[in-house]
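In: got a predicted structure plus its sequence, pasted below:
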Amino acid sequence: MSELFVALTPANLLACFAGVVLGTIVGVLPGLGPAGAMALVLPLTIKLGPTAGLIMLAGIYYGSMYGGSTTSILVNVPGEAASVVTTIDGYRLARKGRAGAALAIAAIASFVAGTFSVVALQVAAPLVARAALAFGPAEYFAFALLGVVLLANLTGGSRVKSLAMVVTGLMLSTVGMDPLGGTVRFTFDVAGAQAGLSFIAVTAGLFGVAEVLATLGAPPSAGPVARVRFRELYPSREELRRSVPPMLRGTVLGFLIGLIPGPAATIASFVSYGVEKRVSRYRREIGTGAIEGVAGPEAANNAAAGGGMVPLLSLGLPFTPSTAVLLSGMLLMSVTPGPFLLRDHPHVFWGIIGSFYLGNVMLLRLNLPLVGIFARVAIIPLRYLMPGVLVLCAVAAYSDNNNAFDVWVMVGAGVMGYAMRGLGYDPAPLVLGLVLGPLLERSLLQALTIGRGDVRELWSSLPATVMLAAALLAFVAPGIAALVRWAGTRSARA
Amino acid sequence: MSERSRRDQWSAAGLIVLALGYLLAGRRYPLDTLATPGPGIFPLAAGLALIALAVWQLLAARRRLAPSISSETRDGATSRAPLIMIAVLVLYAATLPRLGFTSTSFVLVLVAARLMGLASWWRLVVLALGVTAVSRLIFGVWLGVPLP
């Protein structure tokens, strides 16, 4: 536990500060999300060493959740998908002249939820890690499978398209050496492909290059920015009182949803908004500029960011693109997350947890007085920003293996990501398929070998059986629900 | 036929072609037995799963087809700028190892900013010089990334 104070060294403090500032800017800017931004700065963080580097990456991750609300409230343009719902009441509050109060409540809710989720993470991650020590290949296979099936259900778009993207990601993960025997596969004699497709190059392409191409195709427009003076940032006593219950509900809901695979922060904010519309004393006002519509969702999306760290740190399983980049960063820095992280790298584990506490305080201090400056970042013309993003993407891709082949991979992934946007495919499931592919393949083949070819080995233990049953249920449940709806409509017509 | 259904059908067909090509390329890797699984088992399963999902998507798109043949109007001509940018990126990847990071990145920023609508030439040059020099300084000099 004393390692918590590792975060207080000057280098780590600076890394945390740089991370949260960058994260806030990324959150403010529509388009380039935290996963893309984290992939772009990976070369820089690797040079900082494991603890400072990962603290900076984590800072970008949760800093973006704070920043996303600023433009939602002031410009009616959500910086992040997780802040979309904040525009509904946040922008209406701004038009009523309560922009400062809405921003302050958003920052306070983010702080409360962020701090709670770190405490919960601090308690839950070691417990889950200890339980995971008993996990064998069958359990890991079942858990990863459950994760990808749940993810496909929760991405919001077409389920079959999400599943197709997961499988495409799994296929891409088979390029290079196979994880058990070392056979080189699908490289077509290209030397640069032997180590597999660079995850950084694929992420930089899918999120960074594709964003630039999409901006070229249809430039986004931003509205006027509401001006906020520092003295206007104080919410009234009434606003503070009304914010407490939705903040607390959003915090608990958000953390629990963060544990589930999928775009947890976005889902958590929508669920919290829905809950407030049902249970709040002021539910009739929600949608017309009520403070509950800001406090609940903003608490929920920040708590979900903390919840998403539990499976990553304790099991080594990332279920969002951002935590997948964090995993990739950890592996590049020779830190393997999972049950042994706490034993093998206590400085890294507690350093990250400690930086969460510090980062939340920094974000609260930063976001309130500097809110006007951050809001102005959102209106910097993209023609000045996007060309730089392209160069950063190229540097990130190249520096992963100092290999020009990875720049080709980045370009290919960028074109693919652009086409996927046009065709309605979400890139997040593909990224997770690419990351989870080696683990799924290794655990499947190891389980089969242990069971001497008997597939029943895959559900030979209770946790594996429960997780496989849950995966099967998650796979068939939407189909059954659709069938029931169809039968209901038919009988109503008859 | 609605535009969305047509796109879904075409993309499903593309996924089937991708999966077939992948399965064809994966034939050379042995499957061995379930007790000692070879490197071909997982790719075989993934390829077959993608075909199944693509067929599912194809059928779902066909079910959604509107009875009338009237097609939706397209929202204007597609901008050529992304296509030009893709061509420039391909050129960038091809010339990066020979011409080096600085000159290729300078041209990349110049073209990208021009396509984005930056009209003033001196601003274009200053932006391209600035981005290239700062990237070189931070990544090449300060962080020691061996940029080409």
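Out: It's in.
In: check the residue lying closest to A:Ala193 once chain neighbours are set aside and give its pLDDT.
Out: Spatial nearest neighbour of A:Ala193, excluding adjacent residues (Cβ to Cβ, 6 or more residues apart in numbering or on different chains): A:Thr187 at 4.0 Å. Where you see a C-beta, it was placed from the backbone N, CA and C, and this is true even at glycine. Note on A:Thr187: pLDDT of 90.
In: so A:Thr187: helix, strand or coil?
Out: Assigned by DSSP: H, G, I helix; E, B strand; the rest coil, the conformation of A:Thr187 is coil.
In: pull the contacting residues for the residue minimising distance to the centre of chain B.
Out: Most central in chain B under Cα atoms, centre = their mean is B:Ile86, positioned 9.1 Å from the mean C-alpha point. Neighbouring residues of B:Ile86 by Cβ atoms under 8 Å, 6 or more residues apart in numbering or on different chains: A:213, A:411, A:414-415, A:418.
In: cool, A:Ile257 as well?
Out: Contact analysis of A:Ile257 by Cβ under 8 Å, 6+ apart lists A:264, A:267-268, A:271, A:300, A:304, A:307.
In: where does it land in three-state SS?
Out: Of the three states, A:Ile257 takes helix according to three-state DSSP.
In: distance of the closest residue to it other than its chain neighbours from A:Glu298?
Out: Spatial nearest neighbour of A:Ile257, excluding adjacent residues (Cβ to Cβ, 6+ apart): A:Ala268 at 4.2 Å. To A:Glu298, A:Ala268 is 10 Å away according to Cβ to Cβ, to the nearest Å.
In: joint contacts of these two?
Out: With contacts taken as Cβ under 8 Å, 6+ apart, A:Ala268 and A:Glu298 have A:Gly250 as neighbours in common.
In: which of these two has more neighbours?
Out: Shown here are A:Ala268 and A:Glu298; by other Cβ atoms under 10 Å in any protein chain shown, A:Glu298 has more neighbours (38 against 34).
In: residues contacting the residue of chain B positioned farthest from its centre?
Out: Relative to the centre of chain B, and counting by Cα atoms, centre = their mean, the farthest-placed residue is B:Ala35 at 38.1 Å. By Cβ under 8 Å, 6+ apart, the contact list for B:Ala35 reads A:448-449, A:452-453.
In: what's the first helix or strand after the helix-or-strand element of chain A with minimal mean pLDDT?
Out: None of the helices or strands of chain A scores lower by mean pLDDT, DSSP states H and E than helix A:371-377, at a mean of 68. The first helix or strand that comes after helix A:371-377 along the chain, using DSSP states H and E, is helix A:382-401.
In: who are the packing partners of that following helix?
Out: Packing partners of helix A:382-401 (3 or more Cβ pairs under 8 Å, 6 or more residues apart in numbering or on different chains; DSSP states H and E): helix A:34-48, helix A:199-203, helix A:210-217, helix A:405-423, helix B:81-99, helix B:101-115, helix B:121-135.
In: now do that helix: distance to the chain's middle.
Out: 21 Å (Cα atoms, centre = their mean, to the nearest Å).
In: and if you look at stretch A:19-35?
Out: The answer for stretch A:19-35 is 12 Å, by Cα atoms, centre = their mean.
In: then stretch A:323-332?
Out: That offset, for stretch A:323-332, works out to 12 Å (Cα atoms, centre = their mean).
In: cool, and stretch A:423-433?
Out: Taking Cα atoms, centre = their mean, one finds the center of stretch A:423-433 at 13 Å from the center of the full chain.
In: low-confidence regions, the chain specifically.
Out: Answering for chain A, as no chain was given. Where chain A drops to pLDDT under 70, the residues are A:1-2, A:30-32, A:75-81, A:154-156, A:219-233, A:261-263, A:372, A:374-379, A:494.
In: switch to chain B, please.
Out: Scanning chain B for pLDDT under 70 picks out B:1, B:64-78.
In: is it correct that the residue nearest to A:Ile257 falls within a helix?
Out: Yes. Checked against three-state DSSP, A:Ala268 lies within a helix.
In: need the contact list for it.
Out: Listed by Cβ under 8 Å, 6+ apart, the contact set of A:Ala268 reads A:82, A:250, A:253-254, A:257-258, A:297, A:300-301, A:303-304.
In: now it: how far from chain B?
Out: Remark: distance between A:Ala268 and chain B (Cβ to the nearest Cβ, to the nearest Å) = 28 Å.
In: about what we covered before: return the most buried member of the helices and strands packed on helix A:382-401.
Out: helix A:199-203 (a mean of 28; mean count of other Cβ atoms under 10 Å in any protein chain shown).
In: contacts for stretch B:88-103?
Out: By Cβ under 8 Å, 6+ apart, the residues outside stretch B:88-103 that reach it are A:209, A:390, A:394-395, A:398, A:404, A:407-408, A:410-411, A:414-415, B:104-105, B:107-108, B:111-112, B:132, B:135-136, B:140, B:147-148.
In: hmm, try it at 6 Å
Out: Under the criterion Cβ atoms under 6 Å, 6 or more residues apart in numbering or on different chains, residues A:404, A:407-408, A:411, B:104, B:108, B:111, B:132, B:136, B:147-148 lie in contact with stretch B:88-103.
In: just flag the most distant two among those.
Out: The most widely separated members of these are A:Trp408 and B:Arg136, with 21.4 Å between them, by Cβ to Cβ.
In: now the element after the strand or helix carrying A:Ser69, going C-ward?
Out: For A:Ser69, the host element (DSSP H and E) is helix A:50-74. Where DSSP H and E defines the elements, the next helix or strand beyond helix A:50-74 is helix A:86-95.
In: what's the first helix or strand after that next one?
Out: helix A:99-132.
In: ok, B:Ala12 to A:Leu151 distance?
Out: Distance, B:Ala12 to A:Leu151, using Cβ to Cβ: 20 Å.
In: which residues touch residue 146?
Out: In the absence of a named chain, this looks at chain A. Applying Cβ under 6 Å, 6+ apart to A:Leu146 gives the contacts A:467, A:470-471.
In: not what I meant, chain B
Out: Taking Cβ under 6 Å, 6+ apart, we find B:Pro146 in contact with A:Asn402.
In: how about it, secondary structure?
Out: Put simply, B:Pro146 is coil when judged by three-state DSSP.
In: give me the phi and psi for it.
Out: Taking degrees, to the nearest 10, you get phi -70, psi 70 for the backbone angles of B:Pro146.
In: what is the neighbour count of residue 51?
Out: Because you didn't say which chain, this covers chain A. A:Thr51: 26 surrounding residues under other Cβ under 10 Å.
In: switch to chain B, that's the one I care about
Out: B:Ile51 has 18 neighbouring residues, counting by other Cβ under 10 Å.
In: could you measure from the residue nearest to it when sequence neighbours are not counted over to B:Gly40?
Out: Leaving aside its sequence neighbours, B:Ile51 sits nearest to B:Ala19 (Cβ to Cβ, 6+ apart; 4.6 Å). To B:Gly40, B:Ala19 is 15 Å away according to Cβ to Cβ.
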